[in-house]
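Asks: here is a sequence together with a model predicted from it:
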Amino acid sequence: MLTAEHLGWGLRDRAILQDISLTVQAGEFVGLIGPNGSGKSSLLALLAGLRRPDHGTVRLDGTPLPAIPRRLLAQRLALVEQQAQTQERVTVRHVAGLGRTPHLGAFTPWSPQDTACVDQALAAVDLLDLADRDWSGLSGGERQRAHIARALAQQPELLLLDEPTNHLDIAHQLGLLDLVRQQGLTVVAALHDLNHAALFCDRIAVLHHGRLDAFGPPAEILTPDRLRRVFAVDAVVETDADGLCHIRYRVPRRPPMLAAAQKELARC
Ligand SMILES: Nc1ncnc2c1ncn2[C@@H]1O[C@H](COP(=O)(O)OP(=O)(O)OP(=O)(O)O)[C@@H](O)[C@H]1O
């Protein structure tokens, strides 16, 4: 179980996250949604222990993150960042193999079990055929899948994903979210596609201007009112026979300021 208690974080005199409290139950898939700049990546960094909050505490099964030794934390928690980078001159298999690092040590060297684990992770993200290819030759989507494979090879209990599908084609987007859900892990994923959040998440947390606007099941969270207030879009939300929400967006009306600016631009 992952708990955030009254988290606050900022830069210089600017508050970026304020008073965020939420609990993610073991095995739950939580979607983190919010407009650009609302604080999703910053919150994931605090939840992963990459950044220390200025206020509040993050706990994993009741223990504050700073009290958990780094190696143990790395065995339990994997983060896939939005623009995860990797050295260029390595193979895809090598990248996925990095996920085994927290499990290796002087008395636990690399074993056939580690190789099997990496192969399984590569197969899960449909990259086994490219396993021996150079990282530098991969497409954006293939690189993203390789980073997910690294996180799966890590065999964490808790998986934190920052926009895991943004470079993927639609089949791989749906496949990846389904795969992650099938693992039975505790997952917190920042997602921009609200229909994907509705389809795959048990609960959705909405960030707005660095604050937690709402946290609950998709059907409660994804209301036309909230979509208008938080995301500034008009949409129709339908719930199907399985209780799943489907959002249909309306073509936006131009805000008056933008319309005036565009007129000015055309005149120049
Ligand atoms: N290291 C940093 N230096 C300066 N500003 C930062 C830094 N990290 C985050 N911010 C600012 O904090 C705010 C929240 O950023 P964050 O990346 O967490 O938002 P986000 O919701 O993930 O955005 P997006 O949807 O665009 O990825 C933004 O205004 C961003 O510019």
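Replies: That came through fine. Numbering: from 1, shown residues only.
Asks: what's the neighbour count on Arg181?
Replies: 16 (other CB atoms under 10 Å). Where you see a C-beta, it was placed from the backbone N, CA and C, and this is true even at glycine.
Asks: who are the contact partners of it?
Replies: 29, 187, 200 (CB atoms under 8 Å, 6 or more residues apart in numbering).
Asks: pLDDT on the helix or strand hosting the second one, on average?
Replies: When elements are defined using DSSP states H and E, Val187 is found to belong to strand 186-190. Predicted confidence along strand 186-190 averages 97 (mean pLDDT).
Asks: who are the packing partners of it?
Replies: The contact analysis (3 or more CB pairs under 8 Å, 6 or more residues apart in numbering; DSSP states H and E) places strand 186-190 against strand 29-33, helix 40-47, strand 158-162, helix 170-182.
Asks: ok, back up a step: make a markdown table out of the contacts of Arg181 and add neighbour count.
Replies: Shown next, in a markdown table, are those (neighbours: other CB atoms under 10 Å):
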| residue | neighbour count |
| --- | --- |
| Phe29 | 22 |
| Val187 | 24 |
| Phe200 | 21 |
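Asks: looking at the residues you listed, which one is closest to Leu73?
Replies: Lowest distance from Leu73 to the contacts of Arg181 (CB to CB) belongs to Val187, with 16.8 Å.
Asks: give me the beta-bridge partners of that closest one?
Replies: Using DSSP bridges, the beta-bridge partners of Val187 come out as Phe29, Leu159.
Asks: can I get the CA coordinates of stretch 164-176 in PDB?
Replies: Extracted in PDB, the C-alpha atoms of stretch 164-176 (Å, rounded to 0.1, in the frame of the first residue of the first chain):
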ATOM      1  CA  PRO A 164       3.700   5.200 -20.600                       C
ATOM      2  CA  THR A 165       1.800   5.200 -23.900                       C
ATOM      3  CA  ASN A 166       2.700   8.600 -25.500                       C
ATOM      4  CA  HIS A 167       4.900   7.200 -28.300                       C
ATOM      5  CA  LEU A 168       2.900   4.000 -28.900                       C
ATOM      6  CA  ASP A 169       0.600   3.100 -31.800                       C
ATOM      7  CA  ILE A 170      -3.000   2.400 -30.700                       C
ATOM      8  CA  ALA A 171      -2.600  -1.400 -30.500                       C
ATOM      9  CA  HIS A 172       0.500  -1.100 -28.400                       C
ATOM     10  CA  GLN A 173      -1.200   1.500 -26.200                       C
ATOM     11  CA  LEU A 174      -4.100  -0.700 -25.400                       C
ATOM     12  CA  GLY A 175      -1.900  -3.800 -25.200                       C
ATOM     13  CA  LEU A 176       0.500  -2.100 -22.800                       C
END
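Asks: great, nothing more from me.
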